[in-house]
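Chemist: Structure for the following, please:
(one chain, ligands or ions: 2)
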Amino acid sequence: MSRKPRQRAARERRRSRNAYPKERTSTPQPGPLPSPAISLKDVTRTYGHGDAAVHALNGVSIDFGPGTWTAVMGPSGSGKSTLLHCAAGLERVDSGRVLVDGTDITHASDADLTALRRGRIGFVFQSYNLLGSLTAEENVALPLKLARAPWTPADVRRALDEVGLSGRTGHRPRQLSGGQQQRVAIARAIVTRPSVLFADEPTGALDSTSAAGVLDLLRDLADRGQTIVMVTHDPAAAAHADATVFLRDGAFTGRADGADARAIADRLLTLEASPCGA
Ligand SMILES: Nc1ncnc2c1ncn2[C@@H]1O[C@H](COP(=O)(O)OP(=O)(O)OP(=O)(O)O)[C@@H](O)[C@H]1O
Ligand SMILES: [Mg+2]
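Modeler: Ligands and ions are numbered 1, 2, ... in the order given. Modelled structure (predicted):
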């Protein structure tokens, strides 16, 4: 299917199945909602002290439904990366609570947080963060080795197959294009079958063709039930997701379900144009 009809079909699917339609409260939902894969409750995170204090998150409450793909948008410095890091247990919150699959991780020990990140969280960065001396296969195997859970080489090959790179297993990062490297990074993030895949600007360093390939891949993963939370600056990338949430000055300012790129861009422009604190 070419990209446009594919995006249209994806939008229709999203409209029909979004689990957290906050802006469509008039439509009754049949039965109870599944519990969120990630839940942040009144989360605050401040860097620095006194006059130099930066309130990166200022009382954010937000749920990410299981099997949904949510884009997180907002002006630079609005707290998007901090939100992802706190939700993934990479950073601790100052107050509020963070729940992963219903388990409160707010006060988890460092050892428990490490185990959680290794087993239930996948993270993809804009800069891929692959180890240059290792092959694609070896990079993808790393989290399995670190998790110390039973695994086989077939698990690694399956993950590389899922991202369309079964023909590049022995290549090192420098032998791969940017888009291919990001797909290896995604294979590495999903090889442990995490509850949630977090991605911080995964297409930010890619040309439009490679970015489209990565977004199609994320769409396929979401359609197969993978929960995805993705920070992006690109409304066209956000339009691939099921929903977009907007941050401003460390606070949640709204949400759009199944919106197209133009509607998301308009919303973002309004957000950036409105005076601080409005
Ligand atoms: N480790 C840190 N120490 C001090 N301040 C920080 C730290 N990390 C983030 N900040 C500050 O917190 C605020 C939120 O940062 P964050 O990185 O979450 O923003 P962002 O929305 O991801 O921005 P961008 O779109 O530019 O990536 C910013 O003002 C930033 O300068
Ligand atoms: Mg950021």
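Chemist: From here on, just use CA atoms for contacts and neighbour counts.
Modeler: Noted.
Chemist: Helices of this protein, start to end?
Modeler: Using DSSP state H, the helices of the chain run over 3-17, 80-87, 110-120, 136-147, 153-162, 178-190, 208-223, 235-238, 261-273.
Chemist: Quick one: distance of the third one to the chain centre.
Modeler: So the one you mean is helix 110-120. Remark: helix 110-120 is offset 18 Å from the chain centroid, using C-alpha atoms, centre = their mean, to the nearest Å.
Chemist: which helices and strands sit right next to it?
Modeler: The helices and strands touching helix 110-120, judged by 3 or more C-alpha pairs under 8 Å, 6 or more residues apart in numbering; DSSP states H and E, are helix 136-147.
Chemist: Output the contacting helices and strands for the helix it packs on.
Modeler: With contacts taken as 3+ C-alpha pairs under 8 Å, 6+ apart, helix 136-147 sits against helix 110-120, helix 153-162, helix 178-190.
Chemist: roughly how far apart are the most centrally placed residue in the chain and residue 48?
Modeler: Among the residues of the chain, the one closest to the centroid is residue 229, at 2.5 Å (C-alpha atoms, centre = their mean). Going from residue 229 to residue 48 by C-alpha to C-alpha, to the nearest Å gives 27 Å.
Chemist: Kindly check the end-to-end length of stretch 168-182 for me.
Modeler: Taking C-alpha to C-alpha, the first and last residues of stretch 168-182 lie 13 Å apart.
Chemist: and residue 150, how far is that from residue 123?
Modeler: Counting by C-alpha to C-alpha, the gap from residue 150 to residue 123 is 21 Å.
Chemist: These two: who's more crowded?
Modeler: residue 123 (26 against 7; other C-alpha atoms under 10 Å).
Chemist: Can you tell me the closest non-neighbouring residue to the more buried one?
Modeler: Closest residue to residue 123 apart from its sequence neighbours, by C-alpha to C-alpha, 6 or more residues apart in numbering: residue 198 at 4.8 Å.
Chemist: Report the contact partners of the closest residue to residue 153 other than its chain neighbours.
Modeler: Leaving aside its sequence neighbours, residue 153 sits nearest to residue 141 (C-alpha to C-alpha, 6+ apart; 7.9 Å). Listed by C-alpha atoms under 8 Å, 6 or more residues apart in numbering, the contact partners of residue 141 are 153, 156, 188, 191.
Chemist: For residue 152, give me phi and psi.
Modeler: Main-chain dihedrals, residue 152, degrees, to the nearest 10: phi -130, psi 160.
Chemist: circling back to that earlier point, now the two most distant members of the contacts of residue 141.
Modeler: Of all pairs drawn from those, the greatest distance, 13.0 Å, lies between 153 and 188 (C-alpha to C-alpha).
Chemist: neighbour count winner among these two?
Modeler: Between residue 153 and residue 188, residue 188 has the larger neighbour count (other C-alpha under 10 Å), namely 27 against 10.
Chemist: From residue 123, how far off is the more buried one?
Modeler: Counting by C-alpha to C-alpha, the gap from residue 188 to residue 123 is 9 Å.
Chemist: same thing with residue 56?
Modeler: The value you get for residue 56 to residue 123, if C-alpha to C-alpha is used, is 20 Å.
Chemist: Residue 206 now?
Modeler: Counting by C-alpha to C-alpha, the gap from residue 206 to residue 123 is 17 Å.
Chemist: Could you do residue 49 as well?
Modeler: To residue 123, residue 49 is 29 Å away according to C-alpha to C-alpha.
Chemist: ok, of the helices of the chain, where does mean pLDDT dip lowest?
Modeler: Looking at the helices of the chain, the lowest mean pLDDT belongs to helix 3-17 (a mean of 52).
Chemist: Could you count how many residues lie near the closest residue to residue 39 other than its chain neighbours?
Modeler: Nearest residue to residue 39, sequence neighbours excluded (C-alpha to C-alpha, 6+ apart): residue 63, at 4.4 Å. Using other C-alpha under 10 Å, residue 63 has 15 neighbouring residues.
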